[in-house]
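Asker: The following block contains a protein sequence and its predicted model.
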Amino acid sequence: MSIVNFIKSKTFFKQIAIAVVGLLLFVFVLKFWLGVTTNHNQKIQVPNLHKMSLADVQQKLEELDLDFIVIDSASFNPDYPKKSVIEQTPEAGGFVKEQRKIYLTLNPSKYRDVSIPDLNGRTKRQATSHLRSIGFKVGENYTWVGGIGKNVVRGLKYKGKRIKAGDKFPKNSVIDLILEDGNR
C-alpha cells in the first residue's frame, strides 16, 4: 500500500478524527481542571495593613484566608509605630486568591546602631560631611581646645560625654565636635 493510497483511505481519516476528538477532549478537561484548582474568578481584596501591629495583621489576614511573610525590616521611620507595617506587597486594594502570601516590611523598634569613625586630625568640614553621610547629625555645641590647627577635630562628644572611634550609637544621634582653636 502506498502512502498516497493510505492518505485516501478510511483508516487514515478515522485516525485523524480520533486524534482531533482526543485533543479537544484533553483541552476541555485541562481547562476545567485548571479552573477548579486555581480558584478561577475568585478574588480577595488586599486590606490596608499600614501602621498595623503584627498581631493585628495576623488576625486580619486569617479572617480573609491569606498568609503573610515578613521580609527584612527597612530603616526606622519615626512616623510609624514601632514594629508596625510600613510597606506591603501586593499593595492595598489589589486582588489576590485565597491562601496567597502578602509580603510585609516592618518598622524597626529604633534606628540601627552605627559605628563612630576615627575622625581625629580631620577638618571640621570633613568630619561633618562624614558623620552626616553615615546618618548622624552634627551638633552646634563645639568644644574648643588649644592647638595650632584651626577647626581640626581632636575628639567627639555624645550627650556631653567624650566618645571614641568604634563606639556605636543610633543613627540620627547628635554628635558634637571637639575642635582645635588655632591659638598656639
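Answerer: Thanks, I have it.

Asker: How about the helix or strand where Leu25 lies, which residues are buried there?
Answerer: Using DSSP states H and E, Leu25 sits within helix 10-37. By 16 or more other C-beta atoms under 10 Å, helix 10-37 has no buried positions at all. Placement of C-beta: from N, CA and C, glycine included.

Asker: Mind listing the strands the next helix or strand after it pairs with, and their directions?
Answerer: Remark: after helix 10-37, the chain's next helix or strand is strand 44-45, criterion DSSP H and E. According to DSSP bridges, strand 44-45 has the following sheet partners: strand 95-96 (antiparallel).

Asker: residues making contact with the partner strand?
Answerer: With C-beta atoms under 8 Å, 6 or more residues apart in numbering as the test, strand 95-96 has contacts from 43-46, 66, 90, 102.

Asker: Show me how to select, in ChimeraX, the buried members of those.
Answerer: To isolate in ChimeraX the members of the contacts of strand 95-96 that are buried, counting by 16+ other C-beta under 10 Å, one can use:
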select :44,46,66,102
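
Asker: Which per-residue confidence value corresponds to the closest residue to Phe12 other than its chain neighbours?
Answerer: Excluding its sequence neighbours, the residue lying closest to Phe12 (C-beta to C-beta, 6 or more residues apart in numbering) is Phe6, at 5.7 Å. Note on Phe6: pLDDT of 77.

Asker: How about His40?
Answerer: 69.

Asker: likewise the one 4 residues further on?
Answerer: We have a pLDDT of 85 for Ile44.

Asker: How about the contacts made by it?
Answerer: Taking C-beta under 8 Å, 6+ apart, one finds 64-66, 95-98, 100 in contact with Ile44.

Asker: Now with 7 Å, please.
Answerer: 64, 66, 95-98 (C-beta atoms under 7 Å, 6 or more residues apart in numbering).

Asker: follow-up on the earlier one: the residue nearest to Phe12 and Asp118: what is the separation?
Answerer: To Asp118, Phe6 is 89 Å away according to C-beta to C-beta, to the nearest Å.

Asker: before we move on, the earlier item: any idea which of the contacts of strand 95-96 is the one closest to Pro78?
Answerer: The shortest gap between Pro78 and any of the contacts of strand 95-96 belongs to Ile102, at 24.4 Å (C-beta to C-beta).

Asker: List the strands paired with the helix or strand encompassing the closest one, with their directions.
Answerer: In this assignment (DSSP H and E), Ile102 forms part of strand 101-106. Partners of strand 101-106 in the sheet, by DSSP bridges, are strand 67-71 (parallel), strand 85-89 (antiparallel).

Asker: For the first one, buried residues please.
Answerer: When you say that, I think you mean strand 67-71. For strand 67-71, burial by neighbour count (16+ other C-beta under 10 Å) applies to Phe68.

Asker: for the last one, same thing?
Answerer: With burial defined by 16+ other C-beta under 10 Å, the residues of strand 85-89 counted as buried are 85-88.

Asker: Thank you, goodbye.
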